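Q: Sharing a sequence plus its predicted fold:
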There are 2 protein chains.
Amino acid sequence: MNTEGLLAARMVRLKSSAIRELLKHSKMEGVISLAGGIPSSALFDFEGLREATQLAITEQAENAFQYGLTEGSYTLRERIAELCHERGVVASPDDIVVTAGSQQALDLVMRAVVNPDDVFVVERPTYLAALQTLELAEAKLLSVGSDGDGMIVDELAELLKTQKIKGVYLVPTFGNPSGVTLSRARREQLVKLASQHEFLIVEDDPYGELRFTDERQPTLFELSKSLFGHADNIIYTSTFSKILAPGLRLGWVIMPDWLLHKVAIIKQAADLHASALSQTIAEYYLGLGRLPKQIETIRAAYKKKCQIMAELLERELGDVLTFEYPKGGMFLWARFREPRNCAEWMKKTMEQGVVFVPGEFFYADNPDHSTFRLSFATATEEQMHEAVARLKRAL
Amino acid sequence: MNTEGLLAARMVRLKSSAIRELLKHSKMEGVISLAGGIPSSALFDFEGLREATQLAITEQAENAFQYGLTEGSYTLRERIAELCHERGVVASPDDIVVTAGSQQALDLVMRAVVNPDDVFVVERPTYLAALQTLELAEAKLLSVGSDGDGMIVDELAELLKTQKIKGVYLVPTFGNPSGVTLSRARREQLVKLASQHEFLIVEDDPYGELRFTDERQPTLFELSKSLFGHADNIIYTSTFSKILAPGLRLGWVIMPDWLLHKVAIIKQAADLHASALSQTIAEYYLGLGRLPKQIETIRAAYKKKCQIMAELLERELGDVLTFEYPKGGMFLWARFREPRNCAEWMKKTMEQGVVFVPGEFFYADNPDHSTFRLSFATATEEQMHEAVARLKRAL
């Protein structure tokens, strides 16, 4: 049977995920992977997760296994509102939709706001799977550069002189893949531009809690409220994936009124609601009061891992590589001092038994092939030593 | 701030879910709801679910709480393939994507195949939330009627003389909301038309296992394979929601090669993967061998409930209503003999303390306002007696 013409045109254009193909090799025995974007399961609070699960299936079994509200359990949204409040994100449970990870929040929001060829601006580099949601929504993508202080907002201001945009997507704190954090001055500048030019900011904040210092930048949501008394154009999303357990597939999105009901309609069509079992477990877990300590544990462990990785890279490859020291998160973004195609180079590093993600995948346009992303979240200290030695041998 | 113009055009067009507003009243104290599309939690196999959950969080805790494969756990796909095999749906685990309920399968598939204004044909009446996925994908909807033998395929054949279509969506077995089942002859006719005119069939089969008799119709997937040796244009989706627990948000979709990889890319952008915890629980639950008995339990209970409801309606309201006796599923679809607007009528039934879903919501076009849907899955026998008495009083 001839099945040509049965796919939607946008799917024919959609590029296959080269990164998926590439990373098939990362599962091979003996290969050390610094490629994954996954948190360390060695740090999961299994004891707390088991206790919360027990409570969910004994105390709330009917709620945990039955259909629930599209927007998410109200109790959970109350607890999320409390959690957000501590981050300076002051919202009511009614402003929140519980999603299947923040990934789903991005997809739902892009579906609700992007018309084909609407312009969305992203950082160079930016989170790969956000690019996918924007491509699926058929946005026209433009990009602005970033440096050690995050997105270069001056470039955006310049662009806005000639270009009307629908929105900006960014990970302002401990970015993926860049590892960098948007400075306070640039945060204010960005929020002011958004208000002046009436565009959306999609503030993706999966890593905000994973800080290695006491320094804490206000969220863009918070800044907008304090500068203008509202956050009508700010969409704030976060997740339990990096602080609790990604397997639950639980995140959330805080939205202004004009958007929330529309996103709820899409959510209903998309999957009715997030796993009721996962939601009930998260409710109980938050009720147990274990999260603050768990976040401390993850912070301390990642901070140490990041330090080891950075020191090894500096010592062994500092003459050929340059990078910013992350102040939090899971990623370190490196650039060769001399031009080098890192996707090509990875063929050699794979022979040596180490993989990473070539930086080119994180660009909407104008990829810098000399870059690559290393995750320091999952490798052990021993593996990091070996991995850096292998990287060096592959040069 | 002026937020007009920030929504995508399709969202402005998308009608708000009137049914959601309407059903807010169904939660009021004393109101008997025959409106819900939910299974009876009184029938859930809590013992088995608890045992499977225990196993998941002790034996496979890391898999249950960590990120997983976009297509779903391979072990679960193997078990789903076995389950499908018993239904006559012979597929390999590699043909399956695990989804967040069959609702997500519909959304992902529509996103992958529908260009704006592509024609999709649905039954009159059809499943409400499938209409939502088609509207979000900006399909042009056409409809054909149905009767006691399901979709009137002759009408479709007539339509195909002048109209090129992308696909047909239907619930061929124990339909929602119609309760009816597509006859064998019409199944063959439909599959042949799809092959001849090269259109897709989206076969939505959430209720197929819930049969009240020994009669079993072959799936369209199965028929296509036996008639043509392939199912290249058949998309088969089903779910654990009606046979195990909807709160897990677990369904699956079986697709031909040309489509599966594309749907997997969308799934990745949509939510990365279905809840790993839910998947691990389902794996263990299926491994425990309890599902066949559980399905028997549900069948027997729903059969009895359906019989009571049908007899009550026949006896008390048979002079004003007509309906087909369902041979399975969860719904009974009634029509007033004389024209009556059931949405208007529901204002009166609500005063009496009983709600249902007015039939008009289940139509892509030309709604029959004299129809309504009753669920017999959740009400007790006593509630059904009272509900029918209240319906009668509201006349």
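A: All right, it came through fine.
Q: With A:Ala269 as the reference, measure out to the residue in the stretch 251-395 of chain A positioned nearest to chain B.
A: Closest residue of the stretch 251-395 of chain A to chain B, Cβ to the nearest Cβ: A:Ala276 (3.3 Å). The way it works is simple: take the backbone N, C-alpha and C, and place the C-beta from them, glycine included. Applying Cβ to Cβ, to the nearest Å, the value for A:Ala276 to A:Ala269 is 18 Å.
Q: ditto for A:Trp258
A: A:Trp258 is 19 Å from A:Ala269, by Cβ to Cβ.
Q: same check, this time on A:Gly251
A: A:Gly251 is 18 Å from A:Ala269, by Cβ to Cβ.
Q: so A:Gln352 makes contact with A:Ala387?
A: No: contact criterion Cβ atoms under 8 Å: A:Gln352 and A:Ala387 do not qualify, at 9.3 Å.
Q: any residues in contact with both of these two?
A: Shared contacts of A:Gln352 and A:Ala387, defined by Cβ atoms under 8 Å, 6 or more residues apart in numbering or on different chains, are absent.
Q: These two: which has the busier surroundings?
A: Higher neighbour count among A:Gln352 and A:Ala387: A:Ala387, with 26 against 18, using other Cβ atoms under 10 Å in any protein chain shown.
Q: Which helix or strand contains that one?
A: helix A:381-393 (DSSP states H and E).
Q: Let's see that helix as PDB, backbone CA atoms only.
A: Taking Å, rounded to 0.1, in the frame of the first residue of the first chain, the C-alpha atoms of helix A:381-393 are listed here in PDB:
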ATOM      1  CA  GLU A 381      34.800  10.300  40.600                       C
ATOM      2  CA  GLU A 382      36.800   7.400  39.300                       C
ATOM      3  CA  GLN A 383      34.800   7.400  36.000                       C
ATOM      4  CA  MET A 384      35.400  11.100  35.700                       C
ATOM      5  CA  HIS A 385      39.200  10.600  36.000                       C
ATOM      6  CA  GLU A 386      39.100   7.900  33.400                       C
ATOM      7  CA  ALA A 387      36.700   9.800  31.100                       C
ATOM      8  CA  VAL A 388      38.900  12.900  31.000                       C
ATOM      9  CA  ALA A 389      42.000  10.700  30.400                       C
ATOM     10  CA  ARG A 390      40.100   9.100  27.500                       C
ATOM     11  CA  LEU A 391      39.100  12.500  26.100                       C
ATOM     12  CA  LYS A 392      42.700  13.500  26.200                       C
ATOM     13  CA  ARG A 393      43.900  10.400  24.400                       C
END
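Q: follow-up on the earlier one: so between A:Trp258 and A:Ala269, which is more surrounded?
A: Between A:Trp258 and A:Ala269, counting by other Cβ under 10 Å, A:Ala269 is the more crowded of the two (28 against 14).
Q: per-residue pLDDT, A:Ser16?
A: A:Ser16 is assigned a pLDDT of 59 by the prediction.
Q: Which secondary structure state is assigned to the spatially most central residue of chain A?
A: When Cα atoms, centre = their mean is applied to chain A, the residue found nearest the centroid is A:Pro206 (5.1 Å). State at A:Pro206, reduced to three classes by DSSP: H, G, I helix; E, B strand; the rest coil: coil.
Q: Distance of it relative to A:Lys242?
A: 5 Å.
Q: Using the record's assignment, carve chain A into domains.
A: Taking automatic domain parsing as the reference, chain A has its domains at A:16-45+A:293-393, A:47-280.
Q: What mean pLDDT does stretch A:214-227 get?
A: For stretch A:214-227, mean pLDDT is 96.
Q: Great, nothing more from me.
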